[in-house]
Every structure is written in structure tokens, then in C-alpha cells.
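K.L.:
Coordinates for the following, if possible.
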Amino acid sequence: MTARSGDTVRVHYKGTLSDGTAFDSSEGREPLEFKLGEGMVIPGFDAAVTGLQVGESVVKTIPANEAYGPMREEMLLRVPKSEFPSDMPLEVGLELQLQGPGGYLPAAVAEFDEESVLLDANHPLAGEDLTFAITLDSIKGGIILA
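P.N.:
Numbering: from 1, shown residues only. Sure, this is the predicted structure:
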């Protein structure tokens with residue numbers, strides 16, 4: 001049985017950056033379950049699973065434009081430091097929620113000085129080419145291999 005668009009699949013995976021640093025893995029957890037072709041995972045991951053057979057593995061490098069997209073300058077926002085509570089301990093990487101007309105948007109402190117704070121609302125993996133080692137565990141109605 002081959003995985004195709006519309007199938008519900010379960011996969012084990014390990015995601016690494018171009019320098020080999022692991023950023024996510026299903027190791028020690030249940031396989032990731034999603035429906036192929038429904039936009040539930042990044043496009044390149046979906047494409048890498050399509051056509052696999054149960055038990056088959058693949059290692060696929062997904063370019064940024066098929067993953068979380070490029071870094072977008074318009075997603076960087078410089079805010080006066082005076083807009084933050086004076087007792088708020090600012091540090092690079094601190095995650096915040098920005099409220100806008102469409103709801104909340106996650107952002108991280110990218111840098112700060114005495115005058116301002118640079119917030120980055122890009123996805124943390126934006127601009128990164130991602131490599132995934134993927135094994136197709138099952139297809140709905142298929143068998144699960146140990």
C-alpha cells in the first residue's frame with residue numbers, strides 16, 4: 001500500500017538543521033498522524049511522505065520555501081522599551097504574544113538596548129532548510145510495523 005493524498009498516515013521522524021542540530025523528533029512518542037494533502041504539515045514534509053510504502057524510510061532536505069518560508073523583514077517590529085513594564089526581565093529569545101486585529105501573534109525578543117526592543121514574529125524555523133529522516137509507520141487501514 002502506497003501513501004497518497006487523502007490518506008491518514010502515521011510517521012516517525014527526526015528533523016535536523018543544516019548544521020546537524022536536531023530540532024524535533026518523534027522518538028519516544030507516538031508517531032505523528034496527519035492526512036496527506038490537507039495542509040496539516042509543511043508542504044515539503046507532505047511531499048516526502050507521499051508515495052512511501054509502510055515500513056519505508058526516506059531522508060529528505062526541504063528548502064525553506066517548502067518549509068516555514070523565508071525570513072520576512074516585515075515580521076520584525078522595533079518597539080520602544082518604554083512600552084514594556086519596567087520590571088519585565090528582557091532577554092533574547094523571550095517569547096511574547098502580540099495582540100493585533102486578527103488575534104494573537106507569537107513573537108520573540110531578537111535584541112534590545114536601552115531605547116528599544118526588536119521583536120521577531122517569524123516562525124523560529126523560517127529561513128532554514130530542514131532535513132527529515134522519515135519512516136512511514138502506517139496508512140489508515142494498513143498494518144503497523146514494529
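K.L.:
contacts and neighbour counts: CA atoms only from here.
P.N.:
Fine.
K.L.:
who's in contact with the lowest-mean-pLDDT helix or strand in the chain?
P.N.:
Within the chain, confidence by mean pLDDT, DSSP states H and E is lowest for strand 95-100 among all helices and strands, at a mean of 90. By CA atoms under 8 Å, 6 or more residues apart in numbering, the surrounding residues in contact with strand 95-100 are 104-109.
K.L.:
helix, strand or coil for the residue nearest to T131 when sequence neighbours are not counted?
P.N.:
By the measure of CA to CA, 6 or more residues apart in numbering, the closest residue to T131 outside its immediate chain neighbours is T61, 4.1 Å from it. Put simply, T61 is strand when judged by DSSP: H, G, I helix; E, B strand; the rest coil.
K.L.:
And S82, by the same measure?
P.N.:
Classification of S82 by three-state DSSP places it in helix.
K.L.:
Now do the same contact list for it.
P.N.:
Contact analysis of S82 by CA under 8 Å, 6+ apart lists 115-116.
K.L.:
Alright, that wraps it up for me.
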